[in-house]
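**Student:** What shape does this take:
(one chain, ligands or ions: 1)
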Amino acid sequence: MSDLPPFETHVVVNQPPGFAPRDLWADDVVLREAVRREGAQAFAPRLAEYGGLAGDALYALSFDAHRDRPRLRTHDAFGRRVDLVEFHPNYHALMRAAVEHGVAGLSWHDARPAAHVARAALSYLHHQVEPGTSCPLTMTHAAVPVLRREPALREWAEKAAAPHYDGRDVPIAEKAGVTLGMGMTEKQGGSDVRANTTTATPLAGDEYALVGHKWFFSAPMSDGFLVLAQAPGGLSCFLMPRRLPDGSRNAFRLVRLKDKLGDWSNASSEVEFTGARAWRIGGEGRGIATILEMVMLTRLDCMLGSAALMRMALAQAVHHCRHRAAFGKPLVEQPLMRNVLADLALEWEAALAFSLRVARAVDAAPHDPREAAFARIATAIGKYWICKRAPAFVNEAQECLGGAGYVEESLLPRLYRQAPLNSIWEGSGNIQCLDVLRALSREPAAREALRHELESASGRDTDHDMAVLPLLAELDGGATDEAGARSLVEWLALALQAGVLLRAGSPVAAAFSRSRLGTAHGLAFGTLPTTGVDFAAIIERALPA
Ligand SMILES: Cc1cc2nc3c(=O)[nH]c(=O)nc-3n(C[C@H](O)[C@H](O)[C@H](O)COP(=O)(O)OP(=O)(O)OC[C@H]3O[C@@H](n4cnc5c(N)ncnc54)[C@H](O)[C@@H]3O)c2cc1C
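**Tutor:** Down below sits the predicted model:
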């Protein structure tokens, strides 16, 4: 017998079990309540199926899809241009799962009421696990109503809405389903697309030749792109196919891929058009109005995407704190950590509840003018505020994991890199706030819809009612102060979020209202009032033990 101690010294204790597999639907009480409240209960079985898949197989696939970034191949071995982007196979597997389950097209291929709410819930589930693929999915979804405007583009609209994914680079006639991208941003102007210099020269009928560039052009392997370019009659919207109907490559070059902070599984390119063929959608000079229909839907997905990042970050944080002890008891029982987790839970619940409320307005919009007007203005408000909150939120959740939250396997670094993006693209924060001012000053229907929504939650909570009063006065005054726009939109967002929670009878409504609309909150998360708020119950609601 040796006197040496056993060599196996490394026993791991006080570390959490793996986060996944996990059922993202069953675990998410707030999502299930919101889906029911917003009328999409009929879709619950489908959402349950996707929640199970997303938290297990898709979660596992997501790591390599993210780590092994897309590569650009401009030429073949013999010098001919190919302009291809190669993705890790898991990227295609994730895209296929998402498209087949309706993340991109459910609201267009399922005629049942509340299909937009159901698709929004699918998008939220998917974004928690692989946000990089959410970009092509949301652009495909949002392009459909624009494509439907032109009877000649019916095949495109039907195939974009279809639950079929086909990542091959072939003409759409050979595919059962297609994906769409969007090209607006140029070097000299992104927010101000009127500065676009790409030209569109009429050929025959609705066909044009595009010459110019786009400075940000995501998902360049999409089958088609909605592109803005200057036609003789002004800035116009076009559908530019990747392959022409005869199978030849359309005349555009991928110049390079962006080396991005995050969003790694998604390719974002710079592109040049050298006489690319495209078909006009809507009238010449109506480009911004035409593409805005698409952008409104992608902005809603930015809200959902940020709510999803919050959700995954929070769930990881609660999971970790339940299984990790410090100074004698689990982190989740430490009073100060409870305050942090509960505060994050309030923020996330409000973000999700408000996003699905807006999705219901999108559903109702075709037959309810007030809901249409509400969707229009609430999207700008929510896009600003929810996306603005996500980076600080994810960082706070990351900190709950300590050093593990800074390490890739925990997923938190990926969520953290992704978090700022939703507030930048699809119109950055200031642009959303200016859009809210524009709607308030020029669109009486939007102003009235907002007033109605704010008033409909009155009488339930003093902090809410006290906050709403000056906002209503501001609406009456016309709201034209550009320098004060962020302040106004922040308060509108908080009041709307509180209103949704109060009307829903959420158990967190009072704490949200008191902390966000009253005076009982600091600037950082974890500053909820320490009396009258049941931290343990809020945390349990966020992620049932
Ligand atoms: C990863 C990624 C992928 C992208 N993919 C695509 C894509 O597929 N297709 C596409 O078309 N675009 C895409 N974009 C571009 C994105 O939509 C733009 O970057 C965004 O709209 C901002 O435009 P910009 O970069 O030109 O910034 P600018 O327009 O120069 O704006 C800079 C800042 O100024 C602010 N600002 C602008 N005007 C005003 C004003 N009047 N008052 C106060 N502040 C103002 C903006 O809010 C912003 O904060 C992508 C961007 C990223 C980061």
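**Student:** Residues of the protein that sit close to the ligand?
**Tutor:** 181-185, 190-191, 216-218, 260, 263, 268, 421, 424-431, 434 (CB under 6 Å from any ligand atom). Yep, even glycine has a C-beta here, placed from its N, CA and C like the rest.
**Student:** In contact with the closest residue to the ligand within the chain, which residues?
**Tutor:** Using CB to the nearest ligand atom, the closest approach of the chain to the ligand is made by residue 190 at 2.0 Å. Going by CB atoms under 8 Å, 6 or more residues apart in numbering, residue 190 touches 184, 215-216.
**Student:** okay if I get these as JSON lines plus pLDDT?
**Tutor:** As requested, the contacts of residue 190 are exported to JSON lines (pLDDT from 0 to 100):
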{"residue": "184", "pLDDT": "97"}
{"residue": "215", "pLDDT": "98"}
{"residue": "216", "pLDDT": "98"}
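**Student:** Tell me the one of the residues you listed nearest residue 458?
**Tutor:** Within those, proximity to residue 458 (CB to CB) peaks at residue 184, which comes in at 39.4 Å.
**Student:** so of the contacts of residue 190, which ones are in strands?
**Tutor:** 215-216 (DSSP state E).
**Student:** Quick one: the contacts of residue 190 as JSON lines, columns for neighbour count too.
**Tutor:** Shown next, in JSON lines, are the contacts of residue 190 (neighbours: other CB atoms under 10 Å):
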{"residue": "184", "neighbour count": "27"}
{"residue": "215", "neighbour count": "17"}
{"residue": "216", "neighbour count": "18"}
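**Student:** quick one, phi/psi of residue 208?
**Tutor:** The phi/psi pair for residue 208 (degrees, to the nearest 10) reads phi -130, psi 160.
**Student:** again, but for the one 5 residues further on
**Tutor:** Phi and psi for residue 213, reported as degrees, to the nearest 10, are phi -150, psi 170.
**Student:** roughly how far is stretch 220-230 from the heart of the chain?
**Tutor:** Relative to its chain's centre, stretch 220-230 lies at 20 Å (CA atoms, centre = their mean, to the nearest Å).
**Student:** With stretch 457-469 instead?
**Tutor:** 29 Å.
**Student:** Identify each buried residue in the helix or strand where residue 98 lies, please.
**Tutor:** Using DSSP states H and E, residue 98 maps to helix 89-100. Along helix 89-100, these residues count as buried under the neighbour rule (16 or more other CB atoms under 10 Å): 90-95, 97-99.
**Student:** returning to what we had before: for the contacts of residue 190, give me JSON lines that also has distance to residue 104.
**Tutor:** JSON lines is the format used below for the contacts of residue 190 (distance: CB to CB, whole Å):
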{"residue": "184", "distance to residue 104": "20"}
{"residue": "215", "distance to residue 104": "25"}
{"residue": "216", "distance to residue 104": "21"}
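**Student:** Of the contacts of residue 190, just say which sits nearest to residue 250.
**Tutor:** Sorting these by distance to residue 250 puts residue 184 at the head of the list, at 18.1 Å, by CB to CB.
**Student:** mind listing the helices for the stretch 101-250 of the chain?
**Tutor:** All helices of the stretch 101-250 of the chain, identified by DSSP state H, counting those that start in this stretch, fall at 106-109, 115-129, 131-147, 154-161.
**Student:** so can I have JSON lines of those showing mean pLDDT and mean neighbour count?
**Tutor:** JSON lines is the format used below for these (pLDDT from 0 to 100; neighbours: other CB atoms under 10 Å):
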{"stretch": "helix 106-109", "mean pLDDT": "96", "mean neighbour count": "22"}
{"stretch": "helix 115-129", "mean pLDDT": "98", "mean neighbour count": "29"}
{"stretch": "helix 131-147", "mean pLDDT": "97", "mean neighbour count": "27"}
{"stretch": "helix 154-161", "mean pLDDT": "98", "mean neighbour count": "21"}
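**Student:** In this protein, spot the helix with the most residues.
**Tutor:** helix 287-323 (DSSP state H).
**Student:** pLDDT (mean, whole number) over that helix?
**Tutor:** If you average the pLDDT over helix 287-323, you get 97.
**Student:** Dump stretch 280-294 to PDB, restricted to CA.
**Tutor:** Provided in PDB are the C-alpha atoms of stretch 280-294 (Å, rounded to 0.1, in the frame of the first residue of the first chain):
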ATOM      1  CA  ARG A 280     -40.400  47.600 -58.700                       C
ATOM      2  CA  ILE A 281     -42.900  47.200 -55.900                       C
ATOM      3  CA  GLY A 282     -45.300  50.100 -55.400                       C
ATOM      4  CA  GLY A 283     -45.000  53.400 -57.300                       C
ATOM      5  CA  GLU A 284     -41.800  55.200 -58.200                       C
ATOM      6  CA  GLY A 285     -41.000  57.600 -55.400                       C
ATOM      7  CA  ARG A 286     -43.000  55.500 -52.900                       C
ATOM      8  CA  GLY A 287     -40.000  53.500 -51.700                       C
ATOM      9  CA  ILE A 288     -40.000  54.600 -48.100                       C
ATOM     10  CA  ALA A 289     -43.700  54.100 -47.600                       C
ATOM     11  CA  THR A 290     -43.600  50.700 -49.300                       C
ATOM     12  CA  ILE A 291     -40.700  49.300 -47.300                       C
ATOM     13  CA  LEU A 292     -42.000  50.800 -44.000                       C
ATOM     14  CA  GLU A 293     -44.600  48.100 -43.900                       C
ATOM     15  CA  MET A 294     -41.700  45.600 -43.700                       C
END
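**Student:** ok, residues contacting it?
**Tutor:** With CB under 8 Å, 6+ apart, stretch 280-294 has contacts from 139, 142-143, 145-147, 149-150, 153, 182, 184, 193-194, 200, 206-208, 226, 228-229, 231-239.
**Student:** Confirm residue 273 sits in a strand?
**Tutor:** Yes - assessed with DSSP: H, G, I helix; E, B strand; the rest coil, residue 273 lies in a strand.
**Student:** What is the burial count for the closest residue to residue 375 other than its chain neighbours?
**Tutor:** Distance criterion CB to CB, 6 or more residues apart in numbering; nearest residue to residue 375, sequence neighbours excluded, is residue 361 at 3.7 Å. The local packing of residue 361 (other CB atoms under 10 Å) involves 26 other residues.
**Student:** Residue 361 contacts residue 369, correct?
**Tutor:** No - with contacts counted by CB atoms under 8 Å, residue 361 stays clear of residue 369, the gap being 11.1 Å.
**Student:** Let me see the contact set for residue 241.
**Tutor:** Residue 241 makes contacts with 171-172, 223-224, 250, 277-278, as judged by CB under 8 Å, 6+ apart.
**Student:** Okay, it and residue 155: tell me how far apart.
**Tutor:** For residue 241, the distance to residue 155 equals 11 Å [CB to CB, to the nearest Å].
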